[in-house]
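> when you get a sec, could you give me coordinates for this:
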Amino acid sequence: MNKKQFLNLVEKYLSGKATPEEQKILLRYYNSFQTKDSEEEMDFLVSDERKKNILGNIQKTVEKEQTRKLWNKEILKYAAIGILLLGAGYFFKSMLLDTNENLLLIQDENSITLEMENGNTKIIAEDGQINIKNSSGSVIASQNGNQLVYDNKTDTEELVYNTLRVPYGKKFNLQLSDGTKAYLNAGSSLKYPVKFLQGMVRQVFLSGEVFLDVQKDSAHPFIVNADNLNIQVLGTKFNVTAYPEDDTSDVVLLEGSVKLDSDKGDLNPVVLKPGFKGSYDKNAHDIDTREVITGIYTSWMNGELVFRNMSFQNILKKLERHYDVVIVNNNKKLSSEKFNANFGNDSLIQVLENLKATYGIDFEVDKNQITIY
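Numbers count the residues shown, from 1 in each chain. Next up is the predicted model:
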């Protein structure tokens, strides 16, 4: 972890924007350093003069990265936390000598991250070529570019989970220990066992969107839990869209069959046939099915955007995830209107210009924020 990553986390913590997970990361760092008492680590304890120099550098970094309007008391808060962590010495040793591939890294908002079974979080570079190890040092998965492949020979009899999180603007692929392939869309997370165990169902937990090519295993049903919706399969290909902010969760089936049910038992189970979409209404707690063109719902895997009879508000949500931007809609009359549109690997500006030419929608761009008029 470098100084910039540390300051980014502290800034989020002080501004109240740190997620519960990030707060736990900071607390884990602090608690773990208080127990370091080996002779080698004690030798690294920083002198008062050295503390002044490091904290001076932190202050300069903060002043450079923040606006000149930053209050002195905020700088002092950074310094106070710096002193708190410097008291262990080991923190800055790790921070300055970041050479261990298993070091815990603080993610920024645009990082693909992998949460391990012990709660530690690793940053996954999209072009990485690394081995992922568990807490005991055994290799459980290997990364080859934008795909993480789990080893089905991992020696464990305990059900432990990893969680992969993909931010807006990115996609990433997984191969689970049973050979099932998962393609995660932007703004998605998937929690899954490091190894599926004999005699147990294969269950994963989704938030966002994923295309799954499930390895057939009739003795071990595969279940996707997407909030209140359970999708049960044996071996099939299907797409699940289950973003928390959306009113519906959709399942589009390409091959095989799936059963849609509720983990609370408040739904009548529905079995989908290939070429059909099942939509779970989170408010009405029911499932509607209809035949669809499946290619529309899997086009995102090729970097394409296809909208069919979709409300303008939902289109904006998809654009935000796809391009990692913030879109402010000041034309509320458009929110519920339905549109059709096709876009290939176009830039955001090209998409917006197309909407402007076709539907008369005006917009303004300010860095990563788009305002619709």
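
> below-threshold pLDDT in the stretch 251-373 of the chain: ranges please.
Residue ranges of the stretch 251-373 of the chain with pLDDT under 70: 265.

> how about the strands of it, start to end?
Assigned by DSSP state E, counting those that start in this stretch, the stretch 251-373 of the chain shows strands spanning 258-262, 270-272, 276-281, 286-291, 305-311, 326-329, 338-343, 363-366, 369-372.

> can you get me a residue count around Gly235?
Neighbours of Gly235 under the rule other CB atoms under 10 Å: 16. Just so you know, the C-beta spots here come from the backbone N, C-alpha and C atoms, and that holds for glycine as well.

> need the contact list for it.
By CB atoms under 8 Å, 6 or more residues apart in numbering, Gly235 lies in contact with 214-218, 222, 256.

> hmm, which of these is lowest in pLDDT?
Looking at the contacts of Gly235 by pLDDT, the weakest one is Ser218, with 89.

> count the neighbours of that residue for me.
7.

> who is Val252 paired with across the strands?
Taking DSSP bridges as the rule, Val252 bridges to Asn239, Lys277.

> from what I can see it touches Thr236, true?
No. The criterion here is CB atoms under 8 Å, and Val252 misses it with Thr236 at 11.4 Å.

> of these two, which one has the most company?
More crowded of Val252 and Thr236, by other CB under 10 Å: Val252, with 25 against 19.

> helix or strand for the spatially most central residue of the chain, which one?
Geometric centre of the chain, nearest residue: Arg165, 2.4 Å, by CA atoms, centre = their mean. Using DSSP states H and E, Arg165 falls within strand 161-166.

> neighbouring strands of the top strand by length along the chain in the sheet, and parallel or not?
Counting by DSSP state E, the longest strand found in the chain is strand 202-213. For strand 202-213, the paired strands and their directions (DSSP bridges) are strand 181-184 (antiparallel), strand 188-193 (antiparallel), strand 222-226 (parallel), strand 237-242 (antiparallel).

> between those strands, which gets nearest to Lys277?
With CB to CB as the measure, strand 237-242 is the member of the strands paired with strand 202-213 nearest Lys277 (8.9 Å).

> picking that back up, elements contacting the strand holding Arg165?
strand 112-115, strand 172-175, strand 188-193 (3 or more CB pairs under 8 Å, 6 or more residues apart in numbering; DSSP states H and E).

> now the second one: buried residues?
Using 16 or more other CB atoms under 10 Å as the burial criterion, the residues of strand 172-175 that qualify are 172-175.

> let's see that strand as CSV, backbone CA atoms only.
What follows is strand 172-175, C-alpha atoms only, in CSV (Å, rounded to 0.1, in the frame of the first residue of the first chain):
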residue,chain,number,x,y,z
PHE,A,172,-14.3,-9.5,-15.2
ASN,A,173,-14.5,-13.3,-15.6
LEU,A,174,-14.3,-16.2,-13.2
GLN,A,175,-14.0,-20.0,-13.5
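
> and it, how far out from the chain's middle?
12 Å (CA atoms, centre = their mean, to the nearest Å).

> now swap in the first one and tell me
Chain-centre distance of strand 112-115: 7 Å, with CA atoms, centre = their mean.

> next SSE after that strand?
Scanning forward in sequence from strand 112-115 by DSSP H and E, the next helix or strand is strand 121-124.

> buried residues, stretch 339-354. List them.
Neighbour count says stretch 339-354 has 339, 343, 348, 351-352 buried, by 16+ other CB under 10 Å.

> pull the most distant pair out of the residues you listed.
The largest separation in those, counting by CB to CB, is between Phe339 and Leu348 at 16.5 Å.

> count of residues packed around Asn225?
Asn225: 17 neighbours (other CB under 10 Å).

> bridging residues for it?
Phe205, Asn230.

> so who does Lys195 touch?
Shown in contact with Lys195 (CB under 8 Å, 6+ apart): 140, 150, 152, 154, 156, 177.

> so how far is Leu197 from the third one?
Between Asn152 and Leu197 the distance is 12 Å, computed by CB to CB, to the nearest Å.

> again with the last one
Look at Ser177 and Leu197: by CB to CB, they are 10 Å apart.
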